[in-house]
Each structure stands twice: as structure tokens, then as C-alpha cells.
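Colleague: Predicted model and sequence below, questions to follow.
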Amino acid sequence: MKLLLAALALASSPAAVPTASGPVVRLVTGAIRGVREGGIESFKGIPYAAPPVGPLRWRPPQPAARWPGERDAEAYGHDCIQARTPDVNEGTAPSEDCLYLNVWRPAGVHRKLPVMVWIHGGGYVAGTNAAPLYSGAAFARDGVIFVNMNYRLGRLGFFAFPALTKEHPEEPKGNYGYLDQIAALRWVKRNIAAFGGDPDKVTLAGESAGGESVLVLAGSPMAKGLFRRAIVESGEGRAEMLGRVFLTQDLPGRPSAEKIGIAFARAQGIDGNGPEALAKLRALPAARINDGLTMVSLVFGALNTFSGPIEDGKLLTTTPGEALAAGQGRNVPILIGTNDADLGLGFATTKQAAFAAFGDHAAAARQAYDPDGTLDLGLLNTRIGMDRMMTEPARHVARVVAHNGQASYLYRFAYIADSQHEKPIKGAEHASEIPYAFDTLPVQLGDKLTSHDASVARTMHGFWVNFAKNGMPGGAGLPAWPAYTSADDLMTFHADGTASAGPDPWQARLDLAADAAKQE
């Protein structure tokens with residue numbers, strides 16, 4: 001208990017005295033002073049849990065300590081531990097003390113407003129709530145209080161080890177990053193009314209690993225009642241994005257999370273799997289725990305010593321698709337979709353091998369993907385991989401949610417900014433929809449932003465705002481977006497900048513991908 005109290009006390013240390021001009025909000029843990037810019041107020045670097053350091057490494061998040069006076073909420077908190085690469089260099093200095101969130105609201109709000117909570121992507125090994133593209137200012141401008149969070153990443157966020165499983169047996173194991181997300185949602189439940197938000201009108205949204213996190217929490221009994229609606233951008237939807245892993249049970253071709261943890265310990269020169277070995281792991285510097293994990297390394301062997309999310313039987317009880325199909329997310333309407341050049345990995349060495357993966361439907365797959373035989377093998381692999389990893393699973397979730405009696409809305413994003421048509425990849429890549437949904441395109445495009453680009457962002461952002469407010473994306477001045485009932489109910493953000501609902505031209509491809517998934 002003394003160790004726990006000492007770790008909790010760390011949370012109260014950064015309480016610098018801010019200027020007296022900013023807005024003040026009084027939380028359960030103390031008062032914070034933010035910043036007002038124009039009609040928007042922001043509050044950054046708010047601790048939603050105690051620093052998960054020392055004895056709290058690989059423990060569920062503990063309550064944040066109270067602080068005296070007014071805490072400065074002008075600057076972002078630390079990012080969670082991760083490797084910095086040329087592609088992932090935004091945010092703040094990474095630290096193991098990283099469980100902070102940010103809030104944006106309209107200035108002078110005195111009524112209950114809808115709330116959106118955002119979970120960033122990054123393959124569970126990277127990402128930040130401080131990325132300029134994730135600013136919640138536009139949502140606040142349009143009447144939605146916006147919250148985003150950091151959560152533990154890599155082996156600090158998802159890790160199992162036999163001595164950990166035995167330690168504190170009453171606690172959920174392995175998925176500390178997901179537990180952080182749940183802690184942030186509980187913080188919202190307790191505190192968002194102080195900002196003028198409605199704790200009973202929360203939309204949980206995320207992209208890539210963040211989108212999958214939304215699906216996991218929608219189907220998890222541990223997150224029940226913490227949010228009312230869900231938005232999933234490129235978040236898979238059938239199996240786990242990094243592969244299925246059980247806490248203690250091996251699967252064909254994939255050892256248990258405990259065995260993966262043992263393999264990591266051995267790679268660090270730590271033998272055994274008991275309390276002494278665990279103590280040595282807890283004593284390692286955080287950078288050694290990360291050990292160079294990046295999204296690229298996940299493709300080239302890092303999964304031998306990194307489990308990713310773990311089916312632990314408490315938080316994650318089955319795959320996201322199976323959980324939703326079983327009705328565990330029955331009370332959560334969903335808006336879900338992907339991009340037309342989304343993430344997809346395929347490694348077939350010939351076209352024949354690529355089509356052979358469809359078994360008895362190989363001829364149909366050839367007709368659907370490459371009817372005239374001219375498609376490049378690399379592009380063929382990408383499209384098949386994308387359909388099986390992202391596009392069809394999103395359709396599957398839309399169908400499951402609709403079947404369970406809740407509204408679901410399916411989209412595909414295909415727009416490319418006017419200044420980006422010379423890119424080597426033709427189509428909207430993974431994550432390219434984010435600045436349109438957030439209406440933060442000027443951050444990305446600067447003086448290359450055109451009125452055409454801005455119009456697409458206004459439309460997409462308007463759909464997202466309406467869904468957070470009303471549970472339906474459509475509204476005045478926007479194209480009609482029917483709730484999903486069949487493959488004809490797809491909203492497409494077209495390459496020409498228009499948006500319309502109609503039949504899915506990829507239906508034959510996605511039907512084949514669905515058949516392949518059922519046979520696995």
C-alpha cells in the first residue's frame with residue numbers, strides 16, 4: 001500500500017501556477033485553468049489516472065491524486081513511450097508518465113452538450129493525443145465537447161508474463177492500454193458535466209488501432225454504459241488487427257501472450273518466469289521495454305516478442321466481430337468505414353497463388369479483381385489484403401449491428417486533396433480521412449488547401465458532428481445518408497469531392513472476402 005500511495009503522489013507534482021486569465025473548471029481531483037482562443041476553450045495535460053510507473057507498471061490504471069490550487073492546463077502532457085521515426089515525430093517527449101487527456105469546448109457553455117472521445121491509432125505502438133490533426137477545436141466550434149487521450153503503448157500497454165498473471169489475481173491482465181482507455185471514459189463520466197458536457201451522450205471514436213479499440217470496448221462487458229455511440233475509421237472488425245492471442249493458451253502458429261512475454265524477457269537477458277524475473281523486468285528502463293517497436297517492425301518479426309491485445313477472458317473475451325455478433329454491443333449505434341486505398345498486406349508471389357487463397361471461388365476472385373488480366377501483382381495483393389483486413393470487416397460490423405436492432409452507417413472515403421494527385425498511390429490511403437473528419441485540413445495542407453478540399457472537409461465533419469449530436473449523420477444541407485440495411489447502403493466520399501449513398505461497386509469482391517473469412 002505504501003508503494004501504491006507513493007506512486008499516486010507523483011501525479012500531483014506538475015501543478016505550476018498559470019496566468020489568471022484562462023477559464024477555470026473544477027474537477028473531482030482539483031481545479032484546472034485552460035486557455036481561451038476566440039470562441040474555443042481548451043484544457044490540456046489533465047491526468048486521468050496515476051502515473052503507471054514503478055510498482056504500477058503492468059497494473060490497471062489507478063486513480064489520479066488530488067492537487068491543491070489551480071493546475072495549469074495549457075500544455076499537452078507526455079506522449080506514452082514509443083520509438084520516434086520520420087513518420088511518427090509529432091507530439092511531446094515520450095514518458096512512462098503519460099496518462100493525460102485534453103478537452104475542447106465552446107467558450108461560455110452552460111448547457112449539456114454532446115461529447116466525443118477520440119482514441120488515436122498507431123498499431124498499438126505509436127501515436128499521440130497532441131497531433132495537430134487531432135485538435136478538437138472544430139468539434140467545439142460546432143457544439144460538441146471533444147476529448148482525446150493517451151494510453152500505454154507497446155509492451156508497456158500490452159504484455160503478459162506468468163508472474164504477472166499470478167500477481168493480483170483479481171485484476172484483469174495484459175491489456176493495460178485498453179484499461180487506460182476505459183479509465184479515461186470513466187473520467188469523462190465523472191467530470192465532463194463540469195465542462196458543460198452530457199455524460200450520457202458520449203460518442204467514442206477512433207481510427208486504425210483506435211478504431212479497433214472502439215470495437216473492442218463496444219463488445220466488452222467492462223466498458224458497458226460508458227458511451228452511447230461509436231465511430232470506427234479503418235478499424236478492422238472481424239479478428240484482432242495484430243492477430244489473435246490468448247493469455248495462457250497457445251494457438252496454431254501463435255504462442256500464448258505469456259510465452260511471448262517470456263521470449264521478450266530472454267531477449268533482455270532475464271531468465272525464469274517467477275517474481276524475481278518480473279522484478280527485473282519492472283526495473284528495466286522504459287526504452288528497453290519498448291526495444292525499438294514501430295509499426296514497420298510489426299511486419300518484420302516484432303510480434304515474436306510483442307503480443308499486442310490479448311484475449312484475457314475479462315476485458316477482451318473474444319474477437320471484436322464475434323462479441324458484436326453475440327449482441328454485446330447491442331445498445332451502441334455505429335458509424336463505420338474505410339478508405340479506397342486503405343491498409344492491406346498481401347504476399348502472394350504469383351496471381352495464381354493470390355486467387356488460390358479463395359479456394360473454390362478462385363475463378364470468381366479472378367473475375368472480380370482482375371477480369372482482363374492486366375492488374376499489377378503488387379496492387380492485386382494490396383486490394384485483396386485491404387478487402388480482407390479492412391473493407392469487408394467494416395461491412396460485416398455494419399451488418400451485425402443492424403441485425404441486432406441498432407442503426408449503423410457505412411462509408412468509404414475516396415477523396416484526394418487537389419494538391420496530392422501526383423502521389424504514387426492512387427486513392428485515399430490509410431488515415432487520410434482524419435483531417436476531413438476533424439476539419440483540420442489547413443494543418444496538413446497549409447497554403448495548398450483549396451476551396452474544393454475545404455468543402456469536402458465541411459461535409460464529412462458535418463456528418464461526424466451530427467452523429468455525435470443525434471445518432472444520425474444526415475442533416476440540413478448534407479446529402480441523405482440512409483441507415484445500413486444491405487450492400488446498397490454505402491455512403492461514398494467520391495474522388496470528385498461529392499458524397500452520395502448508393503450501391504457498393506465492390507460488392508462482389510467483398511462477398512468473396514466474407515466467404516474466405518467464414519472458412520478460416
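Modeller: Sure, I can see it. Predicted model, so just to flag it, every value in this text is computed and none were measured.

Colleague: And the helices in the stretch 151-300 of the chain?
Modeller: All helices of the stretch 151-300 of the chain, identified by DSSP state H, counting those that start in this stretch, fall at 154-157, 162-166, 176-191, 209-218, 257-267, 275-283, 286-290.

Colleague: Actually, the stretch 401-520 of the chain.
Modeller: Under DSSP H, counting those that start in this stretch, the stretch 401-520 of the chain gives helices at 434-438, 441-445, 451-470, 507-519.

Colleague: got a markdown table for those, with mean pLDDT and distance to Val35 too?
Modeller: The C-beta positions use only the backbone N, C-alpha and C, and glycine is treated the same way. Formatted as a markdown table, the helices of the stretch 401-520 of the chain follow (pLDDT from 0 to 100; distance: least, CB to CB, whole Å):
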| stretch | mean pLDDT | distance to Val35 |
| --- | --- | --- |
| helix 434-438 | 98 | 19 |
| helix 441-445 | 97 | 18 |
| helix 451-470 | 98 | 22 |
| helix 507-519 | 92 | 46 |
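
Colleague: Name the nearest residue to the residue nearest the centre of the chain, sequence neighbours excluded.
Modeller: In the chain, the centroid-proximal residue (CA atoms, centre = their mean) is Gly210; its distance is 0.4 Å. In space, and not counting its chain neighbours, Gly210 is closest to Ile119: 3.6 Å by CB to CB, 6 or more residues apart in numbering.

Colleague: The one you found: how many residues sit nearby?
Modeller: Residue neighbour count, defined by other CB atoms under 10 Å, stands at 29 for Ile119.

Colleague: contacting residues for it?
Modeller: 148-149, 151, 181, 204-206, 210-211, 213-214 (CB atoms under 8 Å, 6 or more residues apart in numbering).

Colleague: can you tell me how far it sits from Leu377?
Modeller: From Ile119 across to Leu377, the span is 35 Å (CB to CB, to the nearest Å).

Colleague: Same question for Met491.
Modeller: Counting by CB to CB - Met491 and Leu377 are separated by 31 Å.

Colleague: Ok, Leu510 next?
Modeller: From Leu510 to Leu377 the distance is 21 Å (CB to CB).

Colleague: These two: who's more crowded?
Modeller: Neighbours per residue (other CB under 10 Å) separate Leu510 from Leu377, with Leu510 holding more: 20 against 15.

Colleague: close enough to count as contact, that one and Pro393?
Modeller: No: taking contacts as CB atoms under 8 Å, Leu510 lies outside contact range of Pro393: 9.6 Å.

Colleague: The longest strand belonging to the chain: which residues count as buried?
Modeller: Counting residues, the longest strand in the chain under DSSP state E turns out to be strand 197-207. For strand 197-207, the neighbour count (16 or more other CB atoms under 10 Å) marks 197, 199, 201-207 as buried.

Colleague: which of those residues lies closest to Tyr124?
Modeller: Gly206 (11.8 Å; CB to CB).

Colleague: Relative to Leu298, how far out is the closest one?
Modeller: For Gly206, the distance to Leu298 - CB to CB - is 18 Å.

Colleague: Can you give me the neighbour number for Thr485?
Modeller: 12.

Colleague: mind checking how far the residue lying closest to it once chain neighbours are set aside is from Asp250?
Modeller: Distances taken as CB to CB, 6+ apart put Ala402 closest to Thr485, at 6.1 Å, once the chain neighbours are dropped. Distance from Ala402 to Asp250, counting by CB to CB: 36 Å.

Colleague: Report the residue spans of this structure with pLDDT below the cut-off.
Modeller: The model of the chain has pLDDT under 70 over residues 1-20, 86-89.

Colleague: at 80 what do you get?
Modeller: Along the chain, segments meeting pLDDT under 80 span 1-20, 85-90, 109-110, 329-331, 425, 486-488, 519-520.

Colleague: now the strands for it?
Modeller: 24-27, 30-33, 35-37, 40-47, 70-72, 100-106, 113-119, 145-149, 197-207, 229-233, 334-339, 408-413, 490-493, 499-502.

Colleague: helices or strands next to the first one in the packing?
Modeller: For strand 24-27, the contact count by 3 or more CB pairs under 8 Å, 6 or more residues apart in numbering; DSSP states H and E identifies strand 30-33 as packing neighbours.

Colleague: Please apply the same query to the last one.
Modeller: Packing partners of strand 499-502 (3+ CB pairs under 8 Å, 6+ apart): helix 451-470, strand 490-493.

Colleague: how about a cut-off of 7 Å?
Modeller: Under the contact criterion of 3 or more CB pairs under 7 Å, 6 or more residues apart in numbering; DSSP states H and E, strand 499-502 touches strand 490-493.

Colleague: contacts for the strand it packs on?
Modeller: The contact list for strand 490-493 (CB atoms under 7 Å, 6 or more residues apart in numbering) reads 409-415, 456, 460, 481, 499-502, 504.

Colleague: the more surrounded of Ala402 and Asp250?
Modeller: Each of Ala402 and Asp250 has its neighbours counted (other CB under 10 Å); Ala402 has more, 20 against 12.
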